[in-house]
Every structure is written in structure tokens, then in C-alpha cells.
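S.K.: Take a look and give me a structure for this.
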Amino acid sequence: MIDHNILDHYERTAGDPQGLPHGHAIPPELWEAIDELLLDLHLIRHGYADEGYARHVERELAKLCADGSVVERVKRIRL
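M.R.: Numbers count the residues shown, from 1 in each chain. This is a model prediction of the structure:
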């Protein structure tokens, strides 16, 4: 699950997993999921995705994020 702790690390490193401090490994599949969600949200914001895809992304956010506050935080990230 994506939680605030993972997002803290993601934002601190500007999305670069190589910038994580030693001993703070984040599962690669979660890191990639955040990358993909941010790209999807960017496409939606700029009109490159239809409403059906936007609903799909909302379902993915709900499935991958620990709670609604994490979903909202992901939506606010701009890197």
C-alpha cells in the first residue's frame, strides 16, 4: 500500500529511488505505481484521457493507497 511515509520519501527524492537513504528501501512495484499514477493524473488534468480512463485511475488510487488522505496527496503531487 502507498502511504504517507512512502510519499514522504518519494517527494524528498523527487521520484528518484536512487536518492533514498541507505536502509529506506521502498518496494519497486510501489515506486513504479506512484510514477504511473502521477503520469495518469497528468494526462487526465491536461485532457489526454477520457472519462472512462479517469474512472479507472480513481479505482487504482483507491486500491493502491492506504486511505483517502493518501489519494488526495497523490493528486496534489507535481514533480
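S.K.: Report the secondary structure state of the residue positioned nearest the centre of the chain.
M.R.: The residue lying closest to the centre of the chain (CA atoms, centre = their mean) is Ile34, at 2.8 Å. Put simply, Ile34 is helix when judged by DSSP: H, G, I helix; E, B strand; the rest coil.
S.K.: Grab the nearest non-local neighbour of it.
M.R.: In space, and not counting its chain neighbours, Ile34 is closest to Tyr10: 5.6 Å by CB to CB, 6 or more residues apart in numbering. (C-beta placed from N, C-alpha, C; glycine too.)
S.K.: so how far is Gly52 from the residue nearest to the centre of the chain?
M.R.: 22 Å (CB to CB, to the nearest Å).
S.K.: Check Pro28 too.
M.R.: 29 Å.
S.K.: what about the helices in the chain?
M.R.: Using DSSP state H, the helices assigned to the chain run over residues 4-12, 28-45, 51-64, 68-76.
S.K.: what's the angle from the longest one to helix 51-64?
M.R.: Calculated by axes from the mean of the first three to the mean of the last three CA atoms, to 10 degrees, helix 28-45 forms an angle of 150 degrees with helix 51-64.
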